[in-house]
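Participant: how does the following fold in three dimensions:
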Amino acid sequence: MQYTDEKKLESTKKVVFVVYLLYALSYLFGITYLIGLIIAYVKKGDASQAWMEDHLRWQINTFWVTVILSIIGVATLFIGIGWFILIGSAIWNIYRIVKGWLRYNDELSPYN
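Facilitator: Below is the predicted model:
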């Protein structure tokens, strides 16, 4: 079955929404964060409009920066600054999810 551009657009819009939802749910069920990343990587090439491709890239970057900050936070727990880094990482992650989702609802790139 061949998708029309409109069906592909709607499909990708749903995927972007689902990835944001999975990222948000990761605060309850951690594995959804990884599932969201995998979906974002798989669907990145299917984005038919630049603003949706930007969202998928935004989601992928959000994942990796959050993971790196979390690793640094855990590694520095023993010297006392790790908690601050972990809290900062969580706040930054929530900010990226909220900003991205709001920009998605307006059909705008999260980078603007």
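Participant: which elements pack onto the host helix or strand of Ile68?
Facilitator: Following DSSP states H and E, one finds Ile68 within helix 50-75. The helices and strands touching helix 50-75, judged by 3 or more Cβ pairs under 8 Å, 6 or more residues apart in numbering; DSSP states H and E, are helix 5-25, helix 31-43, helix 82-105. To be clear about C-beta, it is placed using only N, CA and C from the backbone, and glycine gets the same treatment.
Participant: any chance of the ones you listed in TSV with mean neighbour count, mean pLDDT and distance to Asn61 as columns?
Facilitator: TSV is the format used below for the helices and strands packed on helix 50-75 (neighbours: other Cβ atoms under 10 Å; pLDDT from 0 to 100; distance: least, Cβ to Cβ, whole Å):
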stretch	mean neighbour count	mean pLDDT	distance to Asn61
helix 5-25	17	90	12
helix 31-43	17	96	10
helix 82-105	16	97	8
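Participant: quick one: closest of these to Glu53.
Facilitator: helix 5-25 (8.7 Å; Cβ to Cβ).
Participant: next one: that closest one to chain centre, how far?
Facilitator: 11 Å (Cα atoms, centre = their mean, to the nearest Å).
Participant: and it with helix 50-75, angle?
Facilitator: With axes from the mean of the first three to the mean of the last three Cα atoms, to 10 degrees defining the directions, helix 5-25 sits at 20 degrees from helix 50-75.
Participant: just checking, Ser109 touches Ala50?
Facilitator: Yes - using Cβ atoms under 8 Å, Ser109 is in contact with Ala50, at 6.9 Å.
Participant: so these two - more neighbours on which side?
Facilitator: Neighbours per residue (other Cβ atoms under 10 Å) separate Ser109 from Ala50, with Ser109 holding more: 18 against 9.
Participant: could you list every residue that touches that one?
Facilitator: 50-51, 54-55, 103 (Cβ atoms under 8 Å, 6 or more residues apart in numbering).
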